[in-house]
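> quick one, structure for this:
(chains A, B, C and D)
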Amino acid sequence: MITLYYFAGLREATGTAQEQAELEGRTVDELLDWVRHKYPHLSLDAVRVAVNEEYALPDDRLRSGDTAALIPPVSGG
Amino acid sequence: MITLYYFAGLREATGTAQEQAELEGRTVDELLDWVRHKYPHLSLDAVRVAVNEEYALPDDRLRSGDTAALIPPVSGG
Amino acid sequence: MKPYEIVTEPIDPQRYADYVLRPEAGAVTLFTGHVREWTRGIRTLYLAYEAYVPMAEKMLAKIGAEIDRQWPGTRTAIAHRIGELKIGEIAVVIAVSSAHRKDAYEANEYAIERIKELVPIWKKEIWENGTEWIGDQRGKPEPDSGQADPAPTTLKPRRELP
Amino acid sequence: MKPYEIVTEPIDPQRYADYVLRPEAGAVTLFTGHVREWTRGIRTLYLAYEAYVPMAEKMLAKIGAEIDRQWPGTRTAIAHRIGELKIGEIAVVIAVSSAHRKDAYEANEYAIERIKELVPIWKKEIWENGTEWIGDQRGKPEPDSGQADPAPTTLKPRRELP
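The predicted structure is shown next:
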């Protein structure tokens, strides 16, 4: 099982802060496809994915127990 | 009458913080000559002169009542 | 206090300046980012910041490690506040000490640039007639005071991936 | 408190940061220059600063006016302390606020460079085995931390006149 986090505009657009999904074995790109399919109105173009609190690459593969966070463009400071 | 101020190393080398001299009508360069003559051991090469609290040019002429400060290289900060 | 932290209470910048000071430090730069009343001609009532807290603290520490490598001998502390912030309140503080001032200026400015690229924190502007999550400030020009900023690009990308 | 002042008591930097903050300011940079224990491999016991006070305050205000011209919309405050200062104590504080951070960084660094060129303040280093008035820091390189500074040039010129 993978835990997914949604923040800021993505949290508001999905109505979800956190959910669990059977995504182990999939890549980060495939995770984004899954999210796109589930929330077709979301714009994910500039969204980065962090796996276990580190930015991940599109081909990185998810393992059971991982957390994956969708990181919309940041605006701290 | 002109009031002369000496600061930092110049004050210590001359043993004088302040003195008055009849230098009205002289230029800043001539003032430096006067100081050099009075304190021959002083090194004035990098010394700037401020007249009435503003940096002065070598040809600026002193008027009675002016204050002239000898400003050794500054080291604030 | 931790040297790299996300906080929910008002920030006292002096604590971070004190933290980085050491006998061998000749210079301390302290940057504070404040909630501005006017942005792009729109009056902000207040801001709401949200963070992915554990990752944000990790990324702040990573920026600190980058600074250690690029400006050896500096010492850095960074804090970002989340929650609702009023006009004038401090959103972010960056303190850097160094033996010589140039390092402290450079490292401090580097830190804020990296925060805006890297750290998962999001700002929502709340105006009288609406709200908006602000996104991707990386390519944002720094206009002279008084000039208008470009429109924010919420979820519209300029670049992809870190 | 005056925005450009020479003081004899310990400096509270926060007062200067507070002074420059306004609702339209998004950024405040605060620089503090501290007495360092080690300079050029020599251990400093304490420093003594002397100033030509009325001219020094005039020159600080002049630097502030230069900043107003070069970075419109900024607000600046500068104080320099004189007298005997212990290791770690603050000799100088510079606070600059601006709408956008780049101005606050640039104007702040400009201020300290100009202070070292222009303002009639002199520093005497007191070591265990001697003292020295430090002169003309303008051409002084800013070495990486750990590298030795060049020897000071007391009353030995590098340049003439302002």
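
> and the longest helix anywhere in chain A, what does it pack against?
Counting by DSSP state H, the longest helix found in chain A is helix A:28-38. The contact analysis (3 or more C-beta pairs under 8 Å, 6 or more residues apart in numbering or on different chains; DSSP states H and E) places helix A:28-38 against strand A:2-6, strand A:48-51, strand A:67-71. The C-beta positions use only the backbone N, C-alpha and C, and glycine is treated the same way.

> tell me which of those sits most buried.
Ranked by mean neighbour count, these are led by strand A:67-71 with a mean of 23 (mean count of other C-beta atoms under 10 Å in any protein chain shown).

> residues in contact with that strand?
A:2-7, A:10, A:23, A:28, A:31, A:35, A:44, A:47-53, A:55-56, A:62, C:52, C:55, C:120 (C-beta atoms under 8 Å, 6 or more residues apart in numbering or on different chains).

> what of stretch C:17-26?
Under C-beta under 8 Å, 6+ apart, the answer for stretch C:17-26 is C:1, C:3, C:28, C:30, C:73, C:75-77, C:95-101, D:13, D:30, D:32-38, D:87-88, D:145.

> in that stretch, what's buried?
C:17, C:19, C:20, C:21, C:22, C:24, C:25, C:26 (16 or more other C-beta atoms under 10 Å in any protein chain shown).

> got the helices and strands packed on helix A:28-38 as JSON lines, with distance to residue C:134 and mean pLDDT columns?
Converted to JSON lines, the helices and strands packed on helix A:28-38 look like this (distance: least, C-beta to C-beta, whole Å; pLDDT from 0 to 100):
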{"stretch": "strand A:2-6", "distance to residue C:134": "17", "mean pLDDT": "98"}
{"stretch": "strand A:48-51", "distance to residue C:134": "16", "mean pLDDT": "98"}
{"stretch": "strand A:67-71", "distance to residue C:134": "14", "mean pLDDT": "98"}
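
> return the residues of chain C in contact with chain B.
residue C:101 (C-beta under 8 Å from any C-beta of the partner chain).

> hmm, 10 Å instead?
Contact residues, chain C versus chain B (C-beta under 10 Å from any C-beta of the partner chain): C:26, C:27, C:101.

> in helices only, show me these.
Among the residues of chain C next to chain B, the members falling in helices (DSSP H) are residue C:101.

> just want the most central residue of chain A.
Central residue of chain A (C-alpha atoms, centre = their mean): residue A:70, 3.5 Å from the mean position.

> distance of that residue relative to residue A:5?
7 Å (C-beta to C-beta, to the nearest Å).

> what touches both of the two?
Among the neighbours of residue A:70, those also in contact with residue A:5 (C-beta atoms under 10 Å, 6 or more residues apart in numbering or on different chains) are A:11, A:50, C:52, C:120.

> tabulate the residues you listed (CSV), appending distance to chain D.
What follows is those, written out as CSV (distance: C-beta to the nearest C-beta, whole Å):
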residue, distance to chain D
A:11, 26
A:50, 26
C:52, 23
C:120, 20
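
> most surrounded residue in the residues you listed?
residue C:120 (27 neighbours; other C-beta atoms under 10 Å in any protein chain shown).

> residues contacting the nearest residue to it once chain neighbours are set aside?
In this structure, residue C:120 finds its nearest non-sequential neighbour in residue C:52, 4.0 Å apart by C-beta to C-beta, 6 or more residues apart in numbering or on different chains. Counting by C-beta under 10 Å, 6+ apart, residue C:52 touches A:5, A:7-8, A:50, A:53, A:67, A:69-71, A:74, C:6, C:58-59, C:119-122.

> give me the local confidence score for residue C:52.
Note on residue C:52: pLDDT of 98.

> against residue C:80, how distant is it?
Taken as C-beta to C-beta, the span from residue C:52 to residue C:80 is 12 Å.

> between these two, what contacts are shared?
Between them, residue C:52 and residue C:80 share the contacting residues C:6, C:119, C:121, judged by C-beta under 10 Å, 6+ apart.

> secondary structure class for the closest residue to the last one other than its chain neighbours?
Same thing as residue C:121. Leaving aside its sequence neighbours, residue C:121 sits nearest to residue A:76 (C-beta to C-beta, 6+ apart; 3.2 Å). The local conformation at residue A:76, judged by DSSP: H, G, I helix; E, B strand; the rest coil, is coil.

> how near is residue A:76 to chain D?
13 Å (C-beta to the nearest C-beta, to the nearest Å).

> where does pLDDT dip in chain C?
C:136-162 (pLDDT under 70).
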